[in-house]
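J.: Return a 3D structure for these sequence lines:
(one chain, ligands or ions: 2)
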Amino acid sequence: MREGSIDAPIRHPIDWQSDNFSDPKALFEELKRVFDICNGCRRCFNLCGTFPKLFDLIDETPTGDINEVDEDKFWEVIDNCYLCDICFKTKCPYVPPHEFNVDFPHLMLRAKALKHKQKKVSLRDKILSNPETLGSFAGIPIIAQTVNAFNKTKLGGLVSEKALGIDRNAPKPKFYSQTARKELKHYVNEPSLSNDDTAQKSVVLFATCYGNRNDPQVVKDTVVCFEKNNVPIVLTKTEKCCGMPKLELGDIDSVAKAKD
Ligand code: SF4
Ligand code: SF4
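T.: Numbers count the residues shown, from 1 in each chain. Ligands and ions are numbered 1, 2, ... in the order given. This next block holds a predicted model:
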């Protein structure tokens, strides 16, 4: 067996519609198998909160064995992963085609999907994973100013902590009724699809839910940067949420629906 793979990584499709994918027993066996490999490796100790949590749980057991960790505590590891993919893409020598077949982010997604299926998702996560709905409501003129002012008060912090479990001191995003896409509506156009190399190509700017409703200045500044460098820019006629907040919640059905 090779210590680590030197082949190009392979990404297996996520078998999310199979029975095995959401079978708790099969999932926890796979979690233990992969966590055990990670315990012996520990290369990802400083990437995010996921791995330190995992290694602390193992180190707290008398013999440092993943089998001694209470399975319920695995959720503390899983909840820390936000599916950025860095461990797979930049660190792990055991990704397929290596026989260890470690795809840590896909395994976290599988666990999150089970949690979502078992309806163990908090109200906070349900609300925050709907940035389009949240932004279109909180961005209504007058409501936006009211929400922004309330969020700055001590009472606002207390309410968000008690009702949603958001730390009272956590900075809250500001909501704008004058969104980036409204301000840049004169950029809405069809991108040039010409194959002619000499034709002027445009960059299609995806404002994102956050950029559009919570930080429009970033989007406007991006347009200025491109134009300063003589790169034409367009916005598409409509824009939808990329689905990442739903994916992070394990709500794969909603992501599939949004794609269609
Ligand atoms: S995919 Fe998850 S576990 Fe891997 S580096 Fe990103 S947050 Fe950490
Ligand atoms: S994901 Fe790969 S590189 Fe990271 S700790 Fe686990 S086995 Fe090691």
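J.: all strands of the stretch 101-250 of the chain, in order?
T.: 203-204, 233-234 (DSSP state E, counting those that start in this stretch).
J.: so which of those strands gets nearest residue 240?
T.: strand 203-204 (13.7 Å; C-beta to C-beta). C-beta here means a position set from N, CA and C on the backbone, and glycine is covered the same way.
J.: In the sheet, which strands lie alongside that closest one, parallel or antiparallel?
T.: Using DSSP bridges, strand 203-204 pairs in its sheet with strand 233-234 (parallel).
J.: Report the distance from the longest helix along the chain to the chain centre.
T.: Ranked by number of residues, the top helix in the chain under DSSP state H is helix 24-41. Offset of helix 24-41 from its chain centre (C-alpha atoms, centre = their mean, to the nearest Å): 22 Å.
J.: what about it, near ligand 2?
T.: Yes - for helix 24-41, a contact with ligand 2 is found by C-beta under 6 Å from any ligand atom, at 37, 38, 41.
J.: Could you point out the helix or strand that follows that helix?
T.: helix 50-59 (DSSP states H and E).
J.: Which neighbouring elements make contact with that following helix?
T.: Under the contact criterion of 3 or more C-beta pairs under 8 Å, 6 or more residues apart in numbering; DSSP states H and E, helix 50-59 touches helix 24-41, helix 74-78.
J.: With mean neighbour count and mean pLDDT added, can I get the ones you listed in CSV?
T.: Output for the helices and strands packed on helix 50-59, formatted as CSV (neighbours: other C-beta atoms under 10 Å; pLDDT from 0 to 100):
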stretch, mean neighbour count, mean pLDDT
helix 24-41, 16, 97
helix 74-78, 18, 97
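J.: sorry, back to before: return the member of the residues of helix 24-41 next to ligand 2 nearest to residue 97.
T.: Among these, and counting by C-beta to C-beta, the member closest to residue 97 is residue 37, at 15.4 Å.
J.: close enough to count as contact, that closest one and residue 93?
T.: No - using C-beta atoms under 8 Å, residue 37 is not in contact with residue 93, being 10.5 Å away.
J.: for ligand 1, what are the nearby residues on the chain?
T.: 47-48, 50, 81-87, 104-105, 108.
J.: ok, which of these also contact ligand 2?
T.: Answer for the residues of the chain next to ligand 1 near ligand 2 (C-beta under 6 Å from any ligand atom): 87, 104.
J.: Quick check on the residues of the chain next to ligand 1: which are buried?
T.: 47, 50, 81, 83, 87, 104, 105, 108 (16 or more other C-beta atoms under 10 Å).
J.: Distance of the closest residue to ligand 1 within the stretch 101-250 of the chain relative to residue 79?
T.: Among the residues of the stretch 101-250 of the chain, residue 105 lies closest to ligand 1, at 3.9 Å counting by C-beta to the nearest ligand atom. Look at residue 105 and residue 79: by C-beta to C-beta, to the nearest Å, they are 14 Å apart.
J.: burial count for residue 137?
T.: 13 (other C-beta atoms under 10 Å).
J.: Show me what the closest residue to residue 190 other than its chain neighbours is bridged to.
T.: Excluding the flanking residues, the one nearest residue 190 by C-beta to C-beta, 6 or more residues apart in numbering is residue 234, at 7.4 Å. Applying DSSP bridges to residue 234 yields these beta-bridge partners: residue 204.
J.: where do the helices sit along the chain?
T.: According to DSSP H, the helices that the chain contains are 24-41, 50-59, 74-78, 86, 104-117, 123-128, 131-138, 143-152, 154-164, 180-183, 209-213, 216-228, 244-248, 252-259.
J.: Good, wrapping up.
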